[in-house]
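In: please find the sequence and the predicted model below.
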Amino acid sequence: MGTNKITVSHKRNDCIGCGACTMAAPEQWSMSQEDGKAMLAGAEWKNDEFMVGEIDEAVLDANKEAADSCPVQIIKISGYNE
């Protein structure tokens, strides 16, 4: 239990820097000191548009809340049973 990897993608260039994701899931999300946009811990750029990373099932609910609270809806979560 808790070993399934869930994929999180973040269309970072469209981030408005509101910080809602960091309030919902502070262990995975932080705000960049350089440009004020959100960053997902351990994520890597994919196609210069999305940052993609993996999270454990144990933090799925917090990250679903982060995605739901994003006012520009640029956080997507996949790889889990809804």
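Out: Right, received. Where do you want to start?

In: quick one, strands of this structure?
Out: Counting by DSSP state E, one finds strands in the chain at the ranges 5-10, 29-31, 38-40, 44-46, 50-56, 75-78.

In: of all these, which lies closest to Ile16?
Out: Ile16 lies closest to strand 38-40 among these, at 9.2 Å (CB to CB). Every C-beta, even on glycine, is put in place using the N, C-alpha and C of the backbone.

In: in its sheet, which strands sit next to the closest one, and in what direction?
Out: Sheet pairing for strand 38-40, assigned by DSSP bridges, gives strand 29-31 (antiparallel).

In: buried stuff in the strand it pairs with?
Out: Trp29, Met31 (16 or more other CB atoms under 10 Å).

In: list the contacts of it.
Out: Gly17, Gly19, Cys21, Thr22, Lys37, Ala38, Met39, Leu40, Ala41, Ala66 (CB atoms under 8 Å, 6 or more residues apart in numbering).

In: the fifth one contacts Lys11, doesn't it?
Out: If I follow you right, that is Lys37. No. Using CB atoms under 8 Å as the test, Lys37 is too far from Lys11 to be in contact (10.5 Å).

In: who's in contact with Ile55?
Out: Lys5, Ile6, Val8, Gln28, Asn63 are the contacts of Ile55 under CB under 8 Å, 6+ apart.

In: OK, contacts around the second one?
Out: Meaning Ile6. Glu54, Ile55, Asp56, Glu57, Leu60, Asn63, Ile77, Ser78, Gly79, Tyr80.

In: pull out the buried members of those.
Out: Here, 16+ other CB under 10 Å leaves Ile55, Leu60, Asn63, Ile77 buried among the contacts of Ile6.

In: for Asp48, state which of the residues you listed is nearest.
Out: Nearest to Asp48 among the buried ones among the contacts of Ile6, with distances taken as CB to CB, is Ile77, at 21.1 Å.

In: beta partners of the closest one?
Out: Counting by DSSP bridges, Ile77 is bridged to Val8.

In: quick one: it and Leu60 touch, right?
Out: Yes. Counting by CB under 8 Å, Ile77 touches Leu60, with 7.4 Å between them.

In: contact partners for the nearest residue to Phe50 once chain neighbours are set aside?
Out: In this structure, Phe50 finds its nearest non-sequential neighbour in Ser9, 4.7 Å apart by CB to CB, 6 or more residues apart in numbering. When contacts are counted by CB under 8 Å, 6+ apart, Ser9 touches Lys46, Phe50, Met51, Val52, Ile75, Lys76, Ile77, Ser78.
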